[in-house]
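Novice: just a sequence and a predicted model for now, questions to come.
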Amino acid sequence: GAGVSQSPRYKVAKRGQDVALRCDPISGHVSLFWYQQALGQGPEFLTYFQNEAQLDKSGLPSDRFFAERPEGSVSTLKIQRTQQEDSAVYLCASSSGLTRAGANVLTFGAGSRLTVL
Amino acid sequence: QKEVEQDPGPLSVPEGAIVSLNCTYSNSAFQYFMWYRQYSRKGPELLMYTYSSGNKEDGRFTAQVDKSSKYISLFIRDSQPSDSATYLCAISSGSARQLTFGSGTQLTVLP
């Protein structure tokens, strides 16, 4: 597609429920990232995929958070037993790889806003 | 101490003003410096990136990097109401693929 697509745009969950957030990256982009953005803060890194391989999950805040990208395209971020502190915007970004200068330029989706009651 | 510090503002200026947005960072391994703009309820969009000390200009926007001081700036000339958004600095090292973001500066340009 033309951009990074995320769904649902808005999700309200009761504490303890499981949620799944979907990301459809730009076609052909091998790298995919998940970020968490709390209100009034910058995005915080969660995890990174290159194709289907999850190369870095150091930012996942607990074992309740799980991400997958089984076929190297669409990715799902799953949060089990949601807590109020999980309320945030979850941003997905994709990249075609490093530029010639070595920079990694990310294109972001609009995000999924999760509210846990 | 956070790796990237950014003055959160909010910053309010009249239309036509020159805006200066700034970040400092602590890790000298950072090599790539980016500025993203984020409108309300949207994802961040890339404005500019650079990887060397000095200035880089793109239209009304100028990115400035001072690696010796670990200080980066974004200048907006002739600011417009459509520039009203949150501006995020983002930095990465050569080895890490992920970006480290500042907390963002909320800018309002008043007509």
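Specialist: Nice, I can see it. Quick caveat, the model's predicted, so the values are computed rather than measured. Residues are numbered from 1 along each chain as shown, chains lettered A, B, ... in the order given.
Novice: so which residue is smack in the middle of chain A?
Specialist: A:W34 (2.8 Å; C-alpha atoms, centre = their mean).
Novice: how about that one, secondary structure?
Specialist: strand (DSSP: H, G, I helix; E, B strand; the rest coil).
Novice: just A:E85 next, same as before
Specialist: Once three-state DSSP is applied, A:E85 turns out helix.
Novice: mind checking how far the closest residue to it other than its chain neighbours is from A:G72?
Specialist: Closest residue to A:E85 apart from its sequence neighbours, by C-beta to C-beta, 6 or more residues apart in numbering or on different chains: A:V116 at 8.0 Å. (Glycine included, C-beta is placed from N, CA and C.) Using C-beta to C-beta, to the nearest Å, we find A:V116 at a distance of 30 Å from A:G72.
Novice: which of the two has more neighbours?
Specialist: A:V116 (19 against 15; other C-beta atoms under 10 Å in any protein chain shown).
Novice: report how many residues lie close to the residue nearest to B:Q106 when sequence neighbours are not counted.
Specialist: Nearest residue to B:Q106, sequence neighbours excluded (C-beta to C-beta, 6+ apart): B:P10, at 4.2 Å. Look at B:P10: counted by other C-beta under 10 Å, it has 10 neighbours.
Novice: in this structure B:P10 contacts B:L107, no?
Specialist: Yes. With contact defined as C-beta atoms under 8 Å, B:P10 counts as touching B:L107 (7.4 Å).
Novice: identify the contacts common to those two.
Specialist: Here B:P10 and B:L107 have no joint contacts, going by C-beta atoms under 8 Å, 6 or more residues apart in numbering or on different chains.
Novice: one step back: was I right about the residue nearest to the centre of chain A contacting A:C92?
Specialist: Yes. When contacts are counted by C-beta under 8 Å, A:W34 is listed as touching A:C92 (5.8 Å).
Novice: what touches both of those two?
Specialist: Shared contacts of A:W34 and A:C92, counting by C-beta under 8 Å, 6+ apart, come down to A:C23, A:S75, A:L77.
Novice: many thanks, I have nothing further to ask.
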